[in-house]
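> Structure for this input, please:
(chains A and B)
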Amino acid sequence: MVKIDAKIPEGPLAQKWTKYKANQKLVNPANKRKLDIIVVGTGLAGASAAASFGEMGFNVKIFTIQDSPRRAHSIAAQGGINAAKNYPNDGDSVHRLFTDTVKGGDYRAREANVYRLAEVSNSIIDQCVAQGVPFAREYGGLLDNRSFGGAQVSRTFYAKGQTGQQLLLGAYQALMRQVEMKTVKLYTRNELVDIVIVDGKARGIISRDLVTGEFQRHFAHAVVLATGGYGNTFFLSTNAMGSNGSAAWQAYKKGAMFANPCFAQIHPTCIPVHGEFQSKLTLMSESLRNDGRIWVPAKKEDAEAIRAGKLKPTQIAEDDRDYFLERRYPAFGNLVPRDVASRAAKERCDAGYGVGATGLAVYLDFKSSIERLGEDVIRARYGNLFQMYEKIVDDNPYKTPMMIYPAIHYTMGGIWVDYELQTTVPGLFCAGEANFSDHGANRLGASALMQGLADGYFVLPYTVQNYLADDIRTPRMTGNEKEFVEAEQSAKDRFTKLLNVKGNRSVDSFHKELGLTMWDFVGMARNSEGLKQAIEKIRAIKKEFWSNVKVTGDAEGMNIELEKANRLADFIEIGELMAIDALHREESCGGHFREEFQTEEGEAKRQDDKFAYVGCWEYKGENQEPELHKEELQFVDVKLIQRNYK
Amino acid sequence: MENYINLTLKVWRQKNAREKGRFETYQVKNISTDSSFLEMLDILNEQLINEGQEPVAFDHDCREGICGMCSLYINGRPHGPDDDITTCQLHMRKFKNGETIWIEPWRSAGFPVIKDLIVNRTAFDQIIAAGGYVSVNTGGVPDANAIPIPKDDADEAMDAASCIGCGACVAACKNGSAMLFVSAKVSQLALLPQGRVEAARRAKNMVAKMDELGFGNCTNTGACEVECPKGISVANIARLNREFLKAKLQD
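Numbers count the residues shown, from 1 in each chain, chains lettered A, B, ... in the order given. Presented below is the predicted three-dimensional model:
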């Protein structure tokens, strides 16, 4: 049985999506009312999809673990959203955005999907402006653009340093309009705990009300997961505390394949770790690299003096500074892609040139921009980010350079989907960061917002309709079918089991241990020996977790420790799969850096003859080795070359 | 400079919406002044779990001041003793060794307590659902640059739009009024040509919903602006009043 079929439409790249839409099946308005769609997650992808489905006339149920859809972590995206509008007349086009994205992803993304993403990007900007999203404008009243990493054009639209917030509020408001019109029913503080499969098709979910502790059965003709990434496997990341991989993991256990789990993005500009009590890492937007210059002292003794607190960065003369990105990559300078910038910072720190008390930090300096443009201009562009930095670190970045270090930020890997964003389980779709589809081995800045909204506004409304056209005769189920009853029981059993361990260690203590193991062995630099060790360690953590975790409280009412324990149980297994995938992929590409595979200059070295495929993992049962399937990537339009940002 | 401090915490504990709450006293020791307020609560919770007690439930998520999930009334101030920040951005360097800190949930008729420090803020979603949007469907919209918008208007709309929906304005108000929240959304959309079309309808419907949900009236004390973590101006309330009056006069 061929399990992997991407279902890419025939024809030239630029016509695939047009052709798909011209030939897809439709559902008439009277039938739409009879069809139910469940959307899980209310971030950019989930909220925009649910609002669009509601507007089309489908019956929608949407779920969020937060108190309001507006809390989804898309809200925290700072810098901007890409589109190929070419308003600045600087040579941008759909094709350019497409090639930049494929190249930025180090040639591990599917051409057809990426092209479609670039193609619909312009409609997203139109849609958001029509919703009243207050994008930055120029004095002439037209939209302003800024530059982002991995591109030589300015194609990023932004709303101060709060672009994700404004786009999410736009989608959230569209969603609430549908809630008011009763096409969408909203479930808050309600978490997916299982997916119900009937006759091989996704037919609903089991959820848990986080306020009452009650389990609920929900039927739908199709289910869309838009539940974000699994970066919190590392405990410390830029993700929100509640971000988790559990919905995706339930999908994996029910037969959806997990693709490229080892592709995790390490963002170069985050506030460095400062103590054991630390709960999360704060991102400083990539947009800062437009005007900030990254450096470390050129002399080791200066770096040592700074670490010892004897010297201040402002005392280092211009000639004694090493602007290492500008030195190594003159063509792109401080705007190289994230994976390249992160590794370069790590290289300097490992070589003994790092700053800060721990030596694990580099400077991001605005001195020359402030001299060139004035403090007011810098304040207007990045004021909220500078304020955020000052509140956390207690240092004024207008006067002294920021300290930054790479941190886990985004997961390119995720649930495998075909061209229609459908998983290997019919009727189960996956969108946004939760799927693997568009970013290959490394995502470019300002492309996550683009993908989330592309999937939700402009892809799923077509592809889910195409699927549902064959389902108009399927009557609604009651939730009393044996598949629903069994799924609910198995979810209940899992929660009871967690409560009954009654061990001695808190959930967080296990999560921190897992995170350290992941960062040390499955982080920025990986090797065969370390990955094997990681797998052993993670299995040991899993064993201890299930025999020694202490979950206080009971199953009734709100129990936050129980929620956390359930998500951590999945993170442990996700971590193991990430390590297995990283071990199998004997090449370096994008965010996945295997020390055994690098050029003499320390750049990532791909093995295109062996690994130009998507690694898709199939669940084979508890404590069984997963099975690898391959989706070979065909590059027709883009030529595979080694990425060069020099 | 990093220091370590010991604190006495008076924390509001309440099992659920039906049962009565009370303050409990806890001691925490060796708290780094570089840690955030919520990290201090994490340390307290770890301590409680190790003692076999139930940890304190509090809302939080992004921990970088943008999701609007964290709340807390700390020593009588929403989001605690610092300006222009949320509780998650509050750091322990704002407290002194030996200090007693009182920690309570938002207290307002519009936000009933769910558990301990967690309150129910779905009323805000209901107010948005009553009209806090531009009524456009996906697709079929004009080019983004079809209507130029003066930069000053766009910037002012952005300032109003930066509301995070945390509810500090309601918690700070002696009347429990949601006027700052409502006016921020009404202003943002009234300032933009896209939102102008249904400005009258929006102002009326959102105000009506706010009244229906039991929020109080505005008496211009300005407490909301002072405590707003995003510095939303009370000038928005004046604009809402104008929009509302204009709409009523048109009736």
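
> who's in contact with the strand or helix carrying A:Lys610?
Element membership of A:Lys610 [criterion: DSSP states H and E] is helix A:608-611. Helix A:608-611 is touched from outside by A:Tyr107, A:Arg585, A:Glu586, A:Glu587, A:Cys589, A:Leu640, with contacts defined as Cβ atoms under 8 Å, 6 or more residues apart in numbering or on different chains. Any C-beta I mention is one placed from the backbone N, CA and C, and that applies to glycine too.

> Give the next helix or strand downstream of the helix or strand harbouring B:Leu38.
Per DSSP H and E: B:Leu38 is located in helix B:37-50. Using DSSP H and E, the helix or strand that follows helix B:37-50 towards the C-terminus is strand B:73-74.

> which bits of the stretch 351-500 of chain A sit near chain B?
Within reach of chain B by Cβ under 8 Å from any Cβ of the partner chain, the stretch 351-500 of chain A has these residues: A:Gln387, A:Met388, A:Lys391, A:Ile392, A:Asp394, A:Tyr457, A:Phe458, A:Pro461.

> Of these, which pair is most distant in space?
A:Asp394 and A:Pro461 (47.5 Å; Cβ to Cβ).

> Looking at those two, which one has more neighbours?
Between A:Asp394 and A:Pro461, A:Pro461 has the larger neighbour count (other Cβ atoms under 10 Å in any protein chain shown), namely 21 against 13.

> what kind of secondary structure is that one in?
helix (DSSP: H, G, I helix; E, B strand; the rest coil).

> I'd say A:Pro297 and A:Arg307 touch.
No - with contact defined as Cβ atoms under 8 Å, A:Pro297 does not reach A:Arg307; the gap is 10.0 Å.

> overlap in contacts of those two?
A:Val355.

> more crowded one of the two?
Legend: neighbour count by other Cβ under 10 Å for A:Pro297 and A:Arg307, higher for A:Pro297 (24 against 18).

> That one and A:Ala351, how far apart?
Counting by Cβ to Cβ, to the nearest Å, the separation of A:Pro297 from A:Ala351 is 12 Å.

> and what of A:Glu544?
37 Å.

> Tell me which of those two has more neighbours.
Legend: neighbour count by other Cβ under 10 Å for A:Glu544 and A:Ala351, higher for A:Glu544 (15 against 11).

> Doesn't the more buried one belong to a strand?
No - under three-state DSSP, A:Glu544 falls outside any strand and is assigned helix.

> ok, and does the helix or strand containing A:Thr269 reach over to chain B?
Here A:Thr269, judged by DSSP H and E, is contained in strand A:264-270. No - using Cβ under 8 Å from any Cβ, strand A:264-270 stays clear of chain B, with a minimum separation of 10.5 Å.

> if we can go back for a sec, and the helix holding A:Lys610, how far from the chain's centre?
25 Å (Cα atoms, centre = their mean, to the nearest Å).

> and it, what's its mean pLDDT?
Confidence for helix A:608-611, expressed as mean pLDDT, is 97.

> repeat for stretch A:487-504
According to the model, stretch A:487-504 has a mean pLDDT of 98.

> mind listing what's buried in it?
A:Ala487, A:Glu488, A:Ala491, A:Lys492, A:Phe495, A:Leu498, A:Leu499, A:Val501 (16 or more other Cβ atoms under 10 Å in any protein chain shown).

> hmm, back to that, going by neighbour count, which residues in the helix holding A:Lys610 are buried?
By 16+ other Cβ under 10 Å, the buried positions in helix A:608-611 come out as A:Asp608, A:Phe611.

> what's the next secondary structure element after it?
strand A:613-618.

> ok, that following strand: who's next to it in the sheet?
strand A:258-259 (antiparallel), strand A:627-632 (antiparallel) (DSSP bridges).

> domains of chain B?
B:4-114, B:122-250 (automatic domain parsing).

> So B:Gly110 versus chain A, what's the distance?
13 Å (Cβ to the nearest Cβ, to the nearest Å).

> burial count for that residue?
Applying other Cβ under 10 Å, I find that B:Gly110 has 23 neighbouring residues.

> Same question for the one 5 residues further on.
When counting by other Cβ under 10 Å, one arrives at 24 neighbours for B:Lys115.

> show me what contacts it?
A:Val211, A:Gly557, A:Met558, B:Gln14, B:Lys15, B:Asn16, B:Ala17, B:Ala57.

> Against chain A, how distant is the fourth one?
This points to B:Gln14. In terms of Cβ to the nearest Cβ, B:Gln14 sits 11 Å off from chain A.

> In terms of pLDDT, where does that residue sit?
pLDDT, read off for B:Gln14, is 97.

> from what I can see it touches B:Pro112, true?
No - B:Gln14 is not in contact with B:Pro112 according to Cβ under 8 Å; the separation is 10.5 Å.

> Who has more neighbours out of the two?
B:Gln14 (18 against 14).

> out of everything not next to it in sequence, what's closest to residue 84?
Since you didn't name a chain, this refers to chain A. Once flanking residues are discounted, A:Ala84 sits nearest to A:Leu97: 4.2 Å by Cβ to Cβ, 6 or more residues apart in numbering or on different chains.

> meant chain B actually
According to Cβ to Cβ, 6+ apart, the nearest residue to B:Asp84 is B:Gly231 (5.6 Å).

> B:Glu24 too?
B:Arg13 (4.9 Å).

> the helices in the stretch 51-200 of chain B, which residues?
Using DSSP state H, counting those that start in this stretch, the helices of the stretch 51-200 of chain B run over residues B:122-129, B:151-161, B:168-172, B:179-190, B:193-196, B:199-212.

> Reformat those as a markdown table; add mean pLDDT and mean neighbour count.
Shown next, in a markdown table, are the helices of the stretch 51-200 of chain B (pLDDT from 0 to 100; neighbours: other Cβ atoms under 10 Å in any protein chain shown):
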| stretch | mean pLDDT | mean neighbour count |
| --- | --- | --- |
| helix B:122-129 | 98 | 22 |
| helix B:151-161 | 97 | 20 |
| helix B:168-172 | 98 | 27 |
| helix B:179-190 | 98 | 28 |
| helix B:193-196 | 98 | 17 |
| helix B:199-212 | 97 | 19 |
